[in-house]
Every structure is written in C-alpha cells, then in structure tokens.
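K.L.:
no sequence on this one, just coordinates:
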C-alpha cells in the first residue's frame, strides 16, 4: 500500500509539471488565491474554506495513518523530515497549525510546488483527511537529534529569542495550538533558515506580518544565532522519541 500510494502521488506530480498548471493536476479549475503578505487587506489568519471545515471535524487516527503514507515519502515514516532541512520535522506539530498550512497550500495561499500535487483532494481526500492527518502527525514523537547550527553564538541567539520570539512561540519554542503559532523547538536549523528568509523577503505569502516586521532589521549574525538557539530547544521528554526509534505503523 505504501509503495502504491507513493507511485500514484509521484505520477500526479509529474502530470502537474507536464500540463503546466495546478488546475489540470487537480482535475478542475484552480482555486482563487487569497490576499498575500504585503497586499492591502491581507489577514494572516483569515480562516474560511477547508481550514474551517477541518477544524470542526472529529479526527480519525486510523485514516490519518493511511493519509500519512503519502506524506512519509518526504517527511519520513517517523515524521522527522531530514536534518539537512530539505523537509521539516512534522512530528509533534500542533494539529491546528498543520490544518492551516495544508489548507493554505491547497487553496494556493502558500506556494509549495513540491508538496502541492501530493496534498490534492484526489490524493489524500477532503477536509476530513486534513483533520485526520494533522491529528496523526501531532501524536508522533519528535526527533531527539534534529539538525542544528554550529553552536558558536548561542548566548546571542538566546538573547534575541527572548526579546523577539518568546512572546508568540513560548520560552521553550512550544508554540500555541489555539493561536496557530507553530512548535519550532527541535525544528531543523536549515529548514528554519530557509523559511525565515522567505518570510523576511515576503516569499512565504501566508506568513504572519508581525513576524515579518519583527525580523527586518536582523543581521546575518542575528539570524544564524537565533535560529541555531531555536533548533536546540528541547521538547518535553514525553514528546521526544528515543534515539533510533522507528514508526511501527510503517514497519
């Protein structure tokens, strides 16, 4: 089943590239993009659409496991992504955060051409599938050895984190499920670097404008230091897997 779903998803991805547009890949008209970061009238969390539907559904973890088979091709069966930052860790992420990001990608309000074909309703299902897979990801134990920076400027990073990040993401980087602030503790350093830069430059179109303003004056040193510090923030022991853990759902 795992290999079959991956093969189907790969074929959809190739098809989307060949036809040159998301509309044909989705089997219909492309959704209308919402307002983007920097545009007049943009709201960071406007809600609506599949996000609102998924948030009000009771998740089915068994189906979430089935849906996650498609995700595991990139994010790994354990949900740990890759330490080089190519794919983020999703294990332990707040369900509401995952729901928002999936819904935004499917509505073309967040650009992710690599993931988009895999996230289509034709591949994983509708709002119920979004709720299901988000709940499944949230329960996965986190990577005990995420990718980190060089560790040379952690005191500076700690100071910057306390002054600029703690208010939303919390002192330990746990985020806030109800406010849609992501868990950033133990997230791969290289992934944090890429997303941070895209937010700073306005390339991540569904980003929080308050964060974009907050980091505009950060130097290269500031950026490296604060994200290195963030990547080293430890989740609670009950949310962290032992070293070498393998997801039994995919063995």
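P.N.:
Received the coordinates, thanks. Note that the coordinates shown come from a computational prediction; the quantities given were computed from them, not determined experimentally.

K.L.:
so how far is stretch 132-147 from its chain's centroid?
P.N.:
Distance of stretch 132-147 from the chain centroid (Cα atoms, centre = their mean, to the nearest Å) equals 11 Å.

K.L.:
could you number the chain from 53 rather than 1 from now on?
P.N.:
Happy to do that; since the first residue is 53 now, the last one works out to stretch 184-199.

K.L.:
list the buried ones in that stretch?
P.N.:
For stretch 184-199, the neighbour count (16 or more other Cβ atoms under 10 Å) marks 184-190, 192-196, 198-199 as buried. For the C-beta atoms, the positions are set from N, CA and C on the backbone; glycine is no exception.

K.L.:
likewise stretch 296-303?
P.N.:
For stretch 296-303, by 16+ other Cβ under 10 Å, it's residue 299.

K.L.:
any idea how far residue 242 is from the closest residue in space to residue 201 that isn't next to it in sequence?
P.N.:
Leaving aside its chain neighbours, residue 201 sits nearest to residue 280 (3.1 Å; criterion: Cβ to Cβ, 6 or more residues apart in numbering). Separation of residue 280 from residue 242 (Cβ to Cβ, to the nearest Å): 11 Å.

K.L.:
next: residue 167.
P.N.:
17 Å.

K.L.:
contact partners for the closest residue to residue 148 other than its chain neighbours?
P.N.:
Spatially, and ignoring its direct neighbours in sequence, residue 148 is nearest to residue 229 (5.1 Å; Cβ to Cβ, 6+ apart). Counting by Cβ atoms under 8 Å, 6 or more residues apart in numbering, residue 229 touches 146, 147, 148, 149.

K.L.:
which of these sit farthest apart?
P.N.:
147 and 149 (7.3 Å; Cβ to Cβ).

K.L.:
surely residue 278 meets residue 270?
P.N.:
Yes - counting by Cβ atoms under 8 Å, residue 278 does reach residue 270; the two are 7.4 Å apart.
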